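Asks: My questions are about this predicted structure, shown below with the sequence.
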Amino acid sequence: MRHNKKFNHLGRTASHRSAMLANMACSLIKHKRITTTVAKAKALKKFVEPLITKSKEDTTNSRRVVFSNLQDKFAVTELFKEISVKVADRPGGYTRIIKTGHRLGDNAEMCFIELVDYDENMAKTAPAKKSTRTRRSKKSAAVEAPAAEAPATEEAKAE
């Protein structure tokens, strides 16, 4: 029976699953965005967010705890030097999962998972949009423009 065993085993043994999540977490830390299946992304989110929270406090013990999970000293250095500084004021929710459709081969639901503070496209300071005009506004603008020009031409004729 699987009473109260709620995490996704992802069809792997415990050692394979932990190694896979550690590798995916290292890739996410190094590249800031990776493409994977939705199930793996959700499992990775639960794996990597506590590590990012741990990295906010730069102590020897927290570095050892994070290294014991990741087993990659370059990823640990990147996490503590750059990422922890950028997410210092964020109280959680360091990653974002965006679904991208289905994979051609097996129709698996795909997504990309990314670090929230590293996405320039979804930054809060987005450039202001130009006012786009619809067909109706062009038509009404075309009707109003000759009407606006008509009094000016009548005044010119009067002079």
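Replies: On my side now, so go ahead. Numbering: from 1, shown residues only.

Asks: In what element of secondary structure is residue 113 found?
Replies: strand 109-115 (DSSP states H and E).

Asks: And residue 130, what's its pLDDT?
Replies: Note on residue 130: pLDDT of 65.

Asks: And the residue lying closest to residue 90 once chain neighbours are set aside, how far from residue 88?
Replies: Sequence neighbours aside, residue 117 is the residue nearest to residue 90 in space, at 7.0 Å (criterion: C-beta to C-beta, 6 or more residues apart in numbering). For glycine as for every other residue, the C-beta is placed from the backbone atoms N, C-alpha and C. Distance, residue 117 to residue 88, using C-beta to C-beta, to the nearest Å: 10 Å.

Asks: Compare the two and say which one has the larger neighbour count.
Replies: Counting neighbours by other C-beta atoms under 10 Å for residue 117 and for residue 88 shows that residue 117 has the greater number, 16 against 10.

Asks: got the contact list for the more buried one?
Replies: Applying C-beta atoms under 8 Å, 6 or more residues apart in numbering, we find residue 117 in contact with 83, 86, 87, 90, 94.

Asks: Just the buried ones from these?
Replies: Taking 16 or more other C-beta atoms under 10 Å as the criterion, what is buried in the contacts of residue 117 is 83, 87, 94.

Asks: which of those residues lies closest to residue 135?
Replies: residue 94 (43.2 Å; C-beta to C-beta).

Asks: My guess is that closest one contacts residue 115. True?
Replies: Yes: the pair residue 94 and residue 115 passes the contact test of C-beta atoms under 8 Å, sitting 6.1 Å apart.

Asks: Overlap in contacts, these two.
Replies: residue 87.

Asks: relative orientation of whichever strand or helix holds residue 15 and strand 109-115 in degrees?
Replies: Element membership for residue 15, per DSSP H and E: helix 14-31. Helix 14-31 runs at 60 degrees relative to strand 109-115, counting by axes from the mean of the first three to the mean of the last three C-alpha atoms, to 10 degrees.

Asks: ok, then the element right after helix 14-31?
Replies: Following helix 14-31 toward the C-terminus (DSSP H and E): strand 33-37.

Asks: tell me what that following strand is packed against?
Replies: When contacts are defined as 3 or more C-beta pairs under 8 Å, 6 or more residues apart in numbering; DSSP states H and E, strand 33-37 sits against helix 14-31, strand 109-115.

Asks: Tell me which of the ones you listed sits nearest to residue 45.
Replies: Nearest of the helices and strands packed on strand 33-37 (C-beta to C-beta): strand 109-115, 6.7 Å.
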